[in-house]
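In: predicted model and sequence below, questions to follow.
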Amino acid sequence: EVQLVESGGGLVQAGGSLRLSCAGSGFTVDDYSIGWFRQAPGKEREAVSCMSNSDNSTYYADSVKGRFTISSDNAKNTVYLQMNNLKPEDTAVYFCAAVRVRHVTVVVPYLYDNWGQGTQVTVST
């Protein structure tokens, strides 16, 4: 059974940083596309950053390019999202998700079939 557990969310001032972690079990990161998504109140879930570890490809939403970095630690089966220079508009619940596919970076939320419980990120002014 695939399980994903996010951690690292919290309250931070604008300009600050957080690192989210997504610890996976029941699967190998190399065989999956892993994504970070976020959902703010009243808004649709959107892709923030996704990766395919099997071919080292990544995707970043325009709104986070240059500020967020996705990475993985295969030994720990964990994917990270380093978030720097956070802005109030980054406030949302952040989810990690996984779908079994190699050599494809999936960025559409409905194609993911495994989701974590989410972690709240709040950026104050």
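Out: Alright, I've got the coordinates. Just so it is clear, the model here is predicted, and its values are computed rather than measured. Numbers count the residues shown, from 1 in each chain.

In: what's around S7, how many residues?
Out: For S7, the number of neighbouring residues by other CB atoms under 10 Å comes to 13. C-beta coordinates here come from the backbone N, C-alpha and C atoms, glycine included.

In: now do the buried residues in stretch 105-116.
Out: 105-107, 109, 112, 114-116 (16 or more other CB atoms under 10 Å).

In: and that stretch, how far out from the chain's middle?
Out: Between the mean C-alpha location of stretch 105-116 and the chain-wide mean there is a distance of 11 Å, by CA atoms, centre = their mean, to the nearest Å.

In: what's that stretch in contact with?
Out: 2-6, 22, 27, 33, 35, 37, 45-47, 50-52, 57-59, 95-99 (CB atoms under 8 Å, 6 or more residues apart in numbering).

In: list the contacts of the spatially closest residue to R67 that is not a sequence neighbour.
Out: Leaving aside its sequence neighbours, R67 sits nearest to N85 (CB to CB, 6 or more residues apart in numbering; 4.8 Å). For N85, the contact set (CB under 8 Å, 6+ apart) comprises 15, 17, 67.

In: for the chain, list the residue farthest from the centre, please.
Out: Among the C-alpha atoms of the chain, the one farthest from their average position, using CA atoms, centre = their mean, is that of T125, at 23.0 Å.

In: that one and K87 touch, don't they?
Out: No. Here T125 does not reach K87: they are 9.2 Å apart, not a contact under CB atoms under 8 Å.
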